[in-house]
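K.L.:
Could you look at this predicted model? Sequence included:
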Amino acid sequence: MPLEGEYELSPEGWVRDQTEKILETGTTESVDIKGRPVILLTTRGVKSGKLRKVPLMRVEHDGEYAIVASLGGAPKHPVWYHNVKADPHVELQDGTVTKDYDAQEITGEEKAIWWERGVAAFPDYADYQEKTDREIPVFKLTER
Ligand SMILES: C[C@H](OP(=O)(O)OC[C@@H](O)[C@@H](O)[C@@H](O)Cn1c2nc(=O)[nH]c(=O)c-2cc2ccc(O)cc21)C(=O)N[C@@H](CCC(=O)N[C@@H](CCC(=O)O)C(=O)O)C(=O)O
């Protein structure tokens, strides 16, 4: 069951531009970061109840996805992290395909495995973790 409701785009210029391009073209393949693929995550705003769309790096393995709340190694989690913790029902668009998932924050061995996959997909994640004391959270997505 897709997420219903009005959505609002990021106030962050370059992110907004990429999100708009994905929405205009209908595919996440219309954008990339340093040549690396991107997915589009939709979450439910924890206060506004609005749908929030955020592009994230594509971290996929055998049809399963993870999302990494890196925010470039900032000291605080991105706002969408709190949305997902409050309501784990998210949508993920990869290419032209959008599906519903339940997001679960992972830790320990499972997180170590997905973290490696994340760094393989986007090596900058390792630099981001280096530059902050914040442990960058990872969620695994399970199709609903
Ligand atoms: C700027 C802020 O965004 P954020 O949720 O903190 O997310 C920050 C970033 O993670 C987000 O911009 C990502 O898209 C950046 N980003 C990546 N960010 C990552 O963390 N990881 C990635 O892998 C990643 C890749 C990526 C690739 C392409 C690209 O264009 C952007 C990429 C935002 O949208 N704020 C809104 C509010 C959003 C929101 O959810 N509000 C809540 C209330 C929140 C509250 O006040 O408690 C609500 O609606 O209820 C605002 O200020 O109006």
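P.N.:
Looks like it arrived, so ask away.
K.L.:
tell me which parts of this structure are close to the ligand?
P.N.:
When proximity is defined as C-beta under 6 Å from any ligand atom, the chain approaches the ligand at 10-12, 15, 18, 33, 38, 45-48, 50, 52, 54-57, 68-71, 78-80, 82-83. Yep, even glycine has a C-beta here, placed from its N, CA and C like the rest.
K.L.:
one more time with 5 Å
P.N.:
Proximity of the chain to the ligand (C-beta under 5 Å from any ligand atom) is limited to residues 10-12, 15, 18, 33, 38, 45-48, 50, 52, 54-57, 68, 70-71, 78-80.
K.L.:
I figured residue 106 hits residue 141, correct?
P.N.:
No: Residue 106 is beyond contact range of residue 141, at 10.3 Å (criterion: C-beta atoms under 8 Å).
K.L.:
More neighbours: these two, which one.
P.N.:
Shown here are residue 106 and residue 141; by other C-beta atoms under 10 Å, residue 141 has more neighbours (24 against 17).
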